[in-house]
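Undergrad: Quick one, fold the following:
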Amino acid sequence: MNQHDFQHHRIVIIGGGTGGICVAARLSRALKQADIALIEPATDHYYQPLWTLVGGGVVPKETTRRAEKDYIPHNTTWIKERVTELRPAENKVVTESGSIIEYDYLVVAAGMQIDWGKIKGLEGHLRQDGLCSNYAYDQCEGTWDALKNFSGGDAIFTQPSCAIKCGGAPQKIMYLADDHFRKVGVRDKSRVTFVSGTPNIFAVKAYADVLNQVIKRKDIQTLYRHDLIEVRPEKHEAVFRSLDTGNETVMHYDMLHITPFMSSPDFIKNSALANPAEGPTKGYVKVNKGTLQSPDYPNVFAIGDCAALPTSKTGAAIRKQAPVLVKNLLALIRKESVSQAIYDGYTSCPLVTGYGSLVLAEFDYDLKLKETFPFSQAKERFSMYLLKLYGLPLMYWNGMLRGWM
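TA: Prediction:
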């Protein structure tokens, strides 16, 4: 596309990840003659929740990747570009090539960006000297290499204080690592530490109670309200800053699993759609937390990680958001009330606590349990581990992305 390209579509969806594809699939079925365009530069689509199990050596990373084109509905126009600017007052989106795409209705499903550069000294050092992260397709298998090469010493697992994709992932890989270290006989000469910017292990008490038991059983050290701000690979040192005092603590590591800082994509942060209020949702798309509609631009909706919603950012949350958004967008098109459906903040974190055990956390905006199964899920279960390993990926590829569930 060149500088002068211009397109108009009735509905434009930004992002071809979980949220964008789920919405496109539902809309394309509901509106047979719909003029829908989906803007997404990537040719591959990833099932990111399995990257923890890639890092733990359970599944090969290739099983988490499929071709994007196989999931874009046939009656949807795929614009293979990157968005660089939002102009909601003009109903326009600008892409990297300078193309202008005009819309009647906009769905922002742009996910979140990983800010690797916010940790000083990290660039160019992942997958070397015990530094690893499950938060990228080309990095997650490096975690398994780090686990296999670990022969004892200090293993540190971090979580930043900001909102992140899958809030449970930073601790899940730690529990798998602990299991692996025991299996190969190096755990008794190791110290495993969880350093998190959050105030506790989990926000929901019922699940926090069981996770604290896991931490105690596994003899894991914890340090809360501390962010990783720097790594010194040549000295094997990690620098953490206290969120309470601002003081810095230097810790030695032999293996360091990093959960990087994340934020709203820059083109959203710099737009009129961004939530200006201070707090964890600042910079994300400001929407009504029930209807997912922008209060400032009524023809704009947002879904998933890029939306300023006070709930954990997970694929399970998107599964409940997608039907709400589509129902309300269709109501708007029909000039009806946009409160046909209300999202209650449901989200789910399948918390792997070891090889073959998992706590399935499900809750809403008020941190009230919203459990699916007729038994207490605040317990480690083999059945729930099997659900994560086999059931949820099948649901994702064959159900969610096709708009059936």
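
Undergrad: neighbours around residue 67, how many?
TA: For residue 67, the neighbour count with other C-beta atoms under 10 Å is 10. C-betas here are computed from N, CA, C, even on glycine.

Undergrad: Please tell me I have it right and it contacts residue 42.
TA: No - between residue 67 and residue 42 there is no contact, the gap being 10.3 Å when judged by C-beta atoms under 8 Å.

Undergrad: Would you map the helices across this protein?
TA: Assigned by DSSP state H, the helices in the chain fall at 18-30, 51-55, 140-149, 169-184, 205-217, 266-269, 315-333, 382-386, 392-395.

Undergrad: Out of those, which is the most enclosed?
TA: Among the helices of the chain, helix 51-55 has the highest mean neighbour count (mean count of other C-beta atoms under 10 Å), at a mean of 26.

Undergrad: Only C-alpha atoms, please: export that one in PDB.
TA: Once non-C-alpha atoms are left out, helix 51-55 reads as follows in PDB (Å, rounded to 0.1, in the frame of the first residue of the first chain):
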ATOM      1  CA  TRP A  51       4.100 -21.500  26.400                       C
ATOM      2  CA  THR A  52       4.300 -22.300  30.100                       C
ATOM      3  CA  LEU A  53       4.300 -26.000  29.300                       C
ATOM      4  CA  VAL A  54       6.800 -25.400  26.400                       C
ATOM      5  CA  GLY A  55       9.100 -23.800  29.000                       C
END
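
Undergrad: Now tabulate the helices of the chain in JSON lines and tack on distance to residue 124.
TA: Converted to JSON lines, the helices of the chain look like this (distance: least, C-beta to C-beta, whole Å):
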{"stretch": "helix 18-30", "distance to residue 124": "30"}
{"stretch": "helix 51-55", "distance to residue 124": "20"}
{"stretch": "helix 140-149", "distance to residue 124": "13"}
{"stretch": "helix 169-184", "distance to residue 124": "22"}
{"stretch": "helix 205-217", "distance to residue 124": "33"}
{"stretch": "helix 266-269", "distance to residue 124": "22"}
{"stretch": "helix 315-333", "distance to residue 124": "30"}
{"stretch": "helix 382-386", "distance to residue 124": "35"}
{"stretch": "helix 392-395", "distance to residue 124": "32"}
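
Undergrad: Quick one, which of these gets closest to residue 99.
TA: Nearest to residue 99 among the helices of the chain is helix 266-269 (14.0 Å), distances taken as C-beta to C-beta.

Undergrad: who's in contact with the residue positioned nearest the centre of the chain?
TA: The C-alpha lying nearest the average C-alpha coordinate of the chain belongs to residue 165 (C-alpha atoms, centre = their mean; 2.3 Å). Residue 165 makes contact with 48, 111, 112, 135, 262, 305, 313, 314, according to C-beta atoms under 8 Å, 6 or more residues apart in numbering.

Undergrad: Kindly report the same for residue 61.
TA: 51, 54, 137, 140, 141.

Undergrad: What's opposite residue 94 in the beta bridge?
TA: Counting by DSSP bridges, residue 94 is bridged to residue 85, residue 100.

Undergrad: Now do the same contact list for it.
TA: Taking C-beta under 8 Å, 6+ apart, one finds 83, 84, 85, 86, 87, 100, 101 in contact with residue 94.

Undergrad: what about it, distance to residue 24?
TA: 21 Å (C-beta to C-beta, to the nearest Å).

Undergrad: before we move on, what about residue 247?
TA: From residue 247 to residue 24 the distance is 48 Å (C-beta to C-beta).

Undergrad: just residue 257 next, same as before
TA: Taking C-beta to C-beta, one finds residue 257 at 34 Å from residue 24.

Undergrad: same check, this time on residue 290
TA: Taking C-beta to C-beta, one finds residue 290 at 22 Å from residue 24.

Undergrad: do residue 205 as well
TA: Counting by C-beta to C-beta, the gap from residue 205 to residue 24 is 38 Å.

Undergrad: ditto for residue 126
TA: Distance from residue 126 to residue 24, by C-beta to C-beta: 33 Å.

Undergrad: Fine by me, we can end here.
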